[in-house]
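In: whatever this is, show me its structure:
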Amino acid sequence: MTSFLSRVQKTIEDHSALCLGIDPSESELREWGLPNSAQGVLDFGLRCLDTAAGNLGFIKPQVAFFERFGSQGILALEQILAEARAANLFVISDAKRGDIGSTMQGYAEAWFGDDSPLRSDALTVSGYLGPDSLEGMLDYASDVNGGLFVLCATSNPEAKQLQTARQGNKSVSKLVLDAARKVEAQNLGLVIGATQDLAEFGLGEVIEQDCKVAILAPGFGAQGAKLADIQSIFGASAKNVIASMSRGLTSTGPDKLKEQIKIAKDEIWR
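Out: Here you go, the predicted structure:
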């Protein structure tokens, strides 16, 4: 079976590291001339997929923007995920789930179950209930050749206080990295923001040597990080990085999305 990391690297090799974030917020829908409704988020997502197919390998729908419309929003997300699978896109569902026991198993069945309409290739998760809380979901993900991206050093400014806190001589972020590197199946990746100083978060070794885990990197575009700087930001681990952009690609509207994707891909270090 191909490892999750190998799948990520192959997708990067075939399509580039760029990931289109599908974030149908009220303001984005307005910019696209769409209603702030379940139908609006569906139309937004399907238009994104039409442009992504053949031009990109990764998409990352932000689940919250669909959940806000209840069952109809989830139905829209299910349709978008089905269309993405049919187009052979690598789907990272950004839901940041995290719990223990049977609750976490429920999440696992929802996002990685064979027949689940929410079936994804990867899911963002929180490991702050302890690394062991992710084991059951990792088993589900591994069964379908998928993986998890666990929050490590996130791109939001307020992350610093918690994620740089130390236990002994290690930061919280470093403890998350160490836990991810122990997963032999390589199906546990990391969320590391491109806007953060990795050394400050205790993650200098990510730059110094290949950490051998997939990295989902938000922060490009609207948040300030530049795609051309992937190598300087992530160093020896740059080949494992998925560069996520949403507003930086979609804010100019649907008619310019393909052009924005091409510009972004040309900027990415190879």
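
In: hey, what's A153 bridged with?
Out: Beta bridges link A153 to I192 when assigned by DSSP bridges.

In: what segments of the chain are helices?
Out: With DSSP state H applied, the chain shows helices at 4-15, 26-31, 38-52, 64-67, 70-86, 101-112, 135-143, 160-163, 172-181, 204-208, 230-234, 247-250, 257-267, listed in chain order.

In: okay, buried residues for the third one please.
Out: Residues of helix 38-52 classed as buried by neighbour count (16 or more other Cβ atoms under 10 Å): A38, G40, V41, L42, D43, F44, G45, R47, C48, L49, T51, A52. Every residue, glycine included, has its C-beta placed from N, CA and C.

In: between the residues you listed, which is closest to S6?
Out: A52 (21.8 Å; Cβ to Cβ).

In: just the pLDDT for the spatially closest residue to A87 that is not a sequence neighbour.
Out: With Cβ to Cβ, 6 or more residues apart in numbering as the criterion, A87 has its nearest non-adjacent residue at 4.1 Å, and that residue is A53. At A53, the pLDDT value in this model is 94.

In: count of neighbours near A53?
Out: Neighbourhood size, A53 [other Cβ atoms under 10 Å]: 15.

In: across the sheet, point out what pairs with it.
Out: Residues in beta-bridge contact with A53 (DSSP bridges): L56.

In: restricting to C-alpha, output stretch 51-64 in CSV.
Out: Extracted in CSV, the C-alpha atoms of stretch 51-64 (Å, rounded to 0.1, in the frame of the first residue of the first chain):
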residue,chain,number,x,y,z
THR,A,51,-11.5,25.2,-12.4
ALA,A,52,-9.4,23.0,-10.2
ALA,A,53,-9.9,19.8,-12.1
GLY,A,54,-6.9,19.4,-14.4
ASN,A,55,-5.1,22.4,-13.0
LEU,A,56,-4.6,21.4,-9.4
GLY,A,57,-4.2,18.3,-7.3
PHE,A,58,-5.3,19.5,-3.9
ILE,A,59,-8.5,21.1,-2.6
LYS,A,60,-9.4,22.0,1.0
PRO,A,61,-13.0,22.8,1.8
GLN,A,62,-13.5,24.7,5.0
VAL,A,63,-16.3,22.7,6.7
ALA,A,64,-17.5,25.5,8.9
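
In: understood, closing this out.
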